[in-house]
Structure formats: C-alpha cells, structure tokens
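**Student:** sequence and predicted structure are below.
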Amino acid sequence: MSHKPISILVVDDEESVRSMLKETLSQEGYSVDDAQDASAAIDQIEKKEFAIILCDIKMPGINGMEFLKAVKRKDVSPPVIMMSAYGTVDDAIECVKQGAYDYINKPFRTDELILTIKKTEERERLLRENLFLRRAVEKEYNYENLIGKSPQMLRIYETIAKIASYKTTILITGESGTGKELVAKALHFNSPRRDEPFVTINCAAIPENLLESELFGYVKGAFTGAGMNKKGLFEEADRGSLFLDEIGELPGTLQVKLLRVLQEGEIRRVGDTKSTNVDVRIIAATARELDKEVKAGRFREDLFYRLNVINIFIPPLRERKEDIPFLVEHFIRKFNEKLNKSIKSLDPAAMNYILDNQWKGNIRELENVIERAMVLCDGNGITTDHLPSYILQKKEIALISAEDSNLSIPTATALVERELIQRALKLTGGNKKQAAQLLEISNRALCYKIKQYGIAGIERV
C-alpha cells in the first residue's frame, strides 16, 4: 500500500535555491511547495498542513526569525529548519531558542540536508507515539473509566477529581482485590505528575533485609555485592508518584525512615553519608486496619497520621452489588479480545448466581470467574454450566436473621420474593421486562407480585 508523501514547505527569497530544493527533495519522495517570502508562506500554512518547513533567515520584509515566531504561536506548528548563507554560532543558538528544530548553513551538501530532514521526521514520529501512548494510559486510568456506578464509587470519583492535583499523601484502604492500585494510578494519571514516573512496590513481597536498599538505594561498597551505586525507588519516582502497596507490612525500622522522607523530603542511600532531596508524592495502600495496628504496637502512630492525611476507602464488592453487571460487561469485553471470543453476556440464571455470591476476593475473584467461564464457553453466552461449583453450592440469600423466631415458610418466601424483585428492578433501572428475565418469571407474574407486595417507585415498564 502506497503512503502519502510527506509535505515540505520551502521558504526562500532566491528562486534558484527554491528550485534546487524542490528538485532534490522531490527525488527523495517528498511533496514540496515553495514560497518566495514569509507573507506568502503564512498564507500557504493557513490553507495546507505541512510536516516540515525549511526557511531562510535573511529575507526582505518579514525575516526568517519573525516568521519562525509566527509559526510557533500557532496551536499546532510543524518543525522548522532554519537556513542561512551568513550563519554564525550565535544565529544557530538564537534559532533553537526561538523554537527551531535545527539550523543548517548554505551552501549545504545534499546528504547533510536529507539527514537533517530524516532526523526531524523521526523526532516527530516519536513525539506522536509518545502522545498516543500517554493518552492511552490516561484513558485507561482516568477515574471516569473506573468501573462502577454505585453511590460509593461515585463518591470515590469525586474525591479523586478533587485531590489529584495536590501533592498530599493519600492512604487507600479496602479489602484485597477491591482495586486499590487502580485508584492509585487514577490519582497519578489525573495529576500534574502524569508525565513523570509512577513507581509501585509491594512492601509484603520483598524480604525485610532487601527492602531498605530497594526503597532507598545504596552506594558502592555498602555491603557485600554492592559493586556500584544504585538508585532506590524513591529516586526513580522523583517528580512522580510512589505507590507503597501493603504499607501495613512495612517493618518498624523502615517505618522510621519513611517518616523522615515524609517530614524532610529527603532520603539517604544505604552506606551513604549524605542525604538526597526527592520530590515524590506518596500513595499508600493497605488491607489492614492501621488504627488497630497502631493500638497493637505494630505500626507507628506518627507515621499513620502522616500517611492518613486523606483516606480513600474502597468498599468490598458485596456492599456495592449494583456494580457487578457493569464489571461483568467490562470483563467480557476484555476477555473477548484476549481469548478471541465473541461472547455476548451471561444468561439470567448465571447472573443471579453471580449477584448472590459474597465475593470475598472482590473484583479480582470476579475477574477470574468470568475468565474461567469464557474459556469453558463454546457458544456466545455464559450459563450456569460455566460457573465454578463453589458459586453454585454457596448461593445464599441472607434475608432472614438466624435469630428470627418466625419460622413460617410462606412469610420467609414472601420476604425472599420481595427482596429479589426489588433487587432485580434496581439492577435494571425499573425495566420490568428485563427484571422478569433476571427473575426467570413472566412479565405478567412480575406485575402481579409488584402489586401484591406493594413495591413502589417503579418508573419504567
């Protein structure tokens, strides 16, 4: 497939130079336009997009330097290579200061000119790729794209939006598998630090004797095997964010050193005699209840208060079950792509089992269950046959207290039915037809039961 040739604009008051450049660059496969002065060039830029501009410095009327400034004032400006037969080092420096990509002296050799243009092309390609990757990362970790529409998750989105721009230390709490690292990334990638490093360390995954050098680095000769200086993760994260996962597992000796970093903004490598300043935003996370750890003497109280400036609590999945259908839909899309499948959804019976599970492993457990089901599924819909046996065996509807003295089966049945109908209507936004499908009853039967149990607040049919 042929590619559209890269367009170049040549701006020079000498007709012979324009002709020579047009011929040379056309032979190299470029599409070349020319302008005899800066005014004509500005007119052309308004009408057409150019990938690169070659411009002479010495021209009558608006000179090349003024033209360069005019180009750089535009919202989107192509790279400009300046040319001059009277160039000096000072001219070259001034051109680059004003935003020129490069500077070449006349007369120039053809290979020199082509090399300069190729370098400019490569630089622009890398800039585009970096921009694309950064936007992809920002989209993936944008708080608006976190999965869930429950009131608890909406409050989390609002909190992220309010605090992302500040350097304030954040403590994210919640059970294992609730998505604490995803929230940490959302904080980073929606902050002014988004273009700087986001560095992660799991404090529980690294042995205590290695954790200090991993965090703070070391100098040559600090211990046996330290053959050269090594940066720690704090220095790697300089100007960015450091995510300390499982902070509750941090040993007491390192708790003291972390407190110093938070207070002084400086670290000291293992074996070093001097400190190094770092500009790092700390985001910590834990599944432990740190206030209880403080009372038990396992976590420093002063560090706890330093970390817990702003707390984001992520509730377990069992407390926000209205998010489950959204998560299921997200995981089906994700694994359709990964597994090259075309599965549409879960059937109503399978969804009921999914909704009734307690999800002690939270989102991580749900993701694993959906992936397993999709691997086993040969059709385009997941059924109960594809779910793990423990979910089918442990379907529990905890509507009646164990201490309830009313053992009437009709009463219990009515309570169960009423609760399930309310839940189905909530999940479908009041759509009776969809709710009836979830409940595996007819639409007529659902309408009768809604009237029988006096269920109000249904807006959609």
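**Tutor:** Looks like it came in fine. Numbering: from 1, shown residues only.

**Student:** run through the stretch 51-200 of the chain and note the low-pLDDT ranges.
**Tutor:** In the predicted model, the stretch 51-200 of the chain carries pLDDT under 70 at residues 75-76, 87-88, 129-145.

**Student:** the nearest residue to Asp238 once chain neighbours are set aside: neighbour count?
**Tutor:** Of all residues beyond its chain neighbours, the one nearest Asp238 is Val278 (5.1 Å), with distances taken as C-beta to C-beta, 6 or more residues apart in numbering. Backbone N, C-alpha and C define where each C-beta goes, glycine included. Using other C-beta atoms under 10 Å, Val278 is surrounded by 19 other residues.

**Student:** roughly how far does Val278 sit from Arg423?
**Tutor:** Using C-beta to C-beta, to the nearest Å, Val278 is found at 50 Å from Arg423.

**Student:** same deal with Ile160?
**Tutor:** 29 Å.

**Student:** now Leu115, what's its secondary structure?
**Tutor:** Three-state call for Leu115 (DSSP: H, G, I helix; E, B strand; the rest coil): helix.

**Student:** how near is it to Glu122?
**Tutor:** Leu115 is 11 Å from Glu122, by C-beta to C-beta.

**Student:** how many neighbouring residues does the closest residue to Lys231 other than its chain neighbours have?
**Tutor:** Excluding the flanking residues, the one nearest Lys231 by C-beta to C-beta, 6+ apart is Gly217, at 4.7 Å. Neighbourhood size, Gly217 [other C-beta under 10 Å]: 23.

**Student:** and if you look at Leu307?
**Tutor:** As a measure of burial, Leu307 has 26 neighbours, counting by other C-beta under 10 Å.

**Student:** which residues touch it?
**Tutor:** 169, 171, 247, 262, 282, 284, 290 (C-beta atoms under 8 Å, 6 or more residues apart in numbering).

**Student:** from what I can see the fourth one touches Ile282, true?
**Tutor:** Which is Leu262. Yes - if you go by C-beta atoms under 8 Å, Leu262 and Ile282 touch, sitting 6.6 Å apart.

**Student:** more neighbours: which of these two?
**Tutor:** Ranked by neighbour count (other C-beta under 10 Å), Leu262 and Ile282 place Ile282 first, with 22 against 15.

**Student:** what about that one, is that helix, strand or coil?
**Tutor:** strand.

**Student:** which strand residues bridge it?
**Tutor:** Beta-bridge pairing for Ile282 (DSSP bridges): Leu242.

**Student:** any idea of the pLDDT on it?
**Tutor:** Here, the pLDDT recorded for Ile282 equals 96.

**Student:** all numbers from here: first residue = 13
**Tutor:** Let's use 13 as the start, then, which means that last one is Ile294.

**Student:** distance of it from Gly111?
**Tutor:** 37 Å.

**Student:** go on, Pro219?
**Tutor:** 51 Å.

**Student:** which one of those two is surrounded by more residues?
**Tutor:** Using other C-beta under 10 Å, the more surrounded residue of Pro219 and Gly111 is Gly111, with 14 against 7.

**Student:** quick one: the more buried one and Met77 touch, right?
**Tutor:** No - using C-beta under 8 Å, Gly111 makes no contact with Met77, being 10.4 Å away.

**Student:** distance of the residue nearest to Lys243 from Val282?
**Tutor:** 7 Å.

**Student:** same question for Asp314.
**Tutor:** 23 Å.

**Student:** please identify which of these two sits among more neighbours.
**Tutor:** More neighbours surround Val282 than the other of Asp314 and Val282, with 17 against 13 (other C-beta under 10 Å).

**Student:** and that one, its phi and psi?
**Tutor:** phi -60, psi 130 (degrees, to the nearest 10).

**Student:** what sits opposite it in the beta ladder?
**Tutor:** With DSSP bridges as the rule, Val282 is bridged to Tyr230.

**Student:** I'd assumed Gly233 was in contact with it.
**Tutor:** No - using C-beta under 8 Å, Val282 is not in contact with Gly233, being 10.5 Å away.

**Student:** ok, then the element right after the helix or strand hosting Lys81?
**Tutor:** In this assignment (DSSP states H and E), Lys81 forms part of helix 76-84. Elements were assigned by DSSP H and E; along the chain past helix 76-84, the next helix or strand is strand 92-96.

**Student:** which parts of whatever helix or strand comes next after that next one are buried?
**Tutor:** Scanning forward in sequence from strand 92-96 by DSSP H and E, the next helix or strand is helix 101-109. Of the residues in helix 101-109, 103-104, 106-107 count as buried by neighbour count, 16 or more other C-beta atoms under 10 Å.

**Student:** kindly report the same for stretch 224-234.
**Tutor:** Under the neighbour-count criterion of 16+ other C-beta under 10 Å, stretch 224-234 has 224-231, 234 buried.

**Student:** can I get those in JSON lines with distance to Ala448 and pLDDT?
**Tutor:** Compiled in JSON lines, these are given as follows (distance: C-beta to C-beta, whole Å; pLDDT from 0 to 100):
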{"residue": "Glu224", "distance to Ala448": "61", "pLDDT": "90"}
{"residue": "Ser225", "distance to Ala448": "62", "pLDDT": "90"}
{"residue": "Glu226", "distance to Ala448": "56", "pLDDT": "91"}
{"residue": "Leu227", "distance to Ala448": "56", "pLDDT": "93"}
{"residue": "Phe228", "distance to Ala448": "61", "pLDDT": "92"}
{"residue": "Gly229", "distance to Ala448": "62", "pLDDT": "90"}
{"residue": "Tyr230", "distance to Ala448": "66", "pLDDT": "90"}
{"residue": "Val231", "distance to Ala448": "70", "pLDDT": "88"}
{"residue": "Ala234", "distance to Ala448": "69", "pLDDT": "83"}
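
**Student:** return the member of those nearest to Ala176.
**Tutor:** Leu227 (24.1 Å; C-beta to C-beta).

**Student:** thanks a lot, catch you later.
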